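**Q** Quick check, what structure comes out for this input:
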Amino acid sequence: MISAIGGESFLDEVLFRLEGRAHVQEDLGDKTFLYEGKQGKDNPAITIWRFLIYGGLTMGDPERPARLVVAITGPTARIKWITGQA
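**A** Now for the predicted structure:
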């Protein structure tokens, strides 16, 4: 999950602004389940997905609530770089 304060803006301003090979964005059931995915331009194995459930259901630690579930696929080294673990 992504922290509602810093994480969502990072996704919007950095990762989802990058040019990609493919992009999908769907709303199923009038904001019951929203998802967005983007495929890497140079490496199609790299994808990033974000999911919003029930229009922004808050989950996780009350001190750092999250509204999004995020998934990233790709080579381990690249994922560690994206998540700051490199």
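**Q** Any figure for the gap between the residue positioned nearest the centre of the chain and Glu36?
**A** Nearest to the mean C-alpha position of the chain, counting by C-alpha atoms, centre = their mean, stands Arg50 at 3.4 Å. Noted for Arg50: a distance of 5 Å to Glu36, by C-beta to C-beta, to the nearest Å. Yep, even glycine has a C-beta here, placed from its N, CA and C like the rest.
**Q** What of Ile72?
**A** Per C-beta to C-beta, Ile72 is found 13 Å from Glu36.
**Q** shared neighbours, those two?
**A** Residues touching both Ile72 and Glu36 by C-beta atoms under 8 Å, 6 or more residues apart in numbering: Trp49.
**Q** These two: which has the busier surroundings?
**A** Neighbours were counted for Ile72 and for Glu36 using other C-beta atoms under 10 Å; Glu36 has more, 17 against 14.
**Q** and the longest helix seen in the chain, C-alpha only, in CSV?
**A** For the chain, the helix that runs over the most residues, judged by DSSP state H, is helix 76-82. Extracted in CSV, the C-alpha atoms of helix 76-82 (Å, rounded to 0.1, in the frame of the first residue of the first chain):
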residue,chain,number,x,y,z
THR,A,76,14.4,-7.2,-9.4
ALA,A,77,17.1,-4.6,-9.8
ARG,A,78,14.8,-2.1,-11.5
ILE,A,79,12.0,-2.6,-8.9
LYS,A,80,14.6,-2.0,-6.1
TRP,A,81,15.6,1.2,-7.9
ILE,A,82,12.0,2.4,-8.2
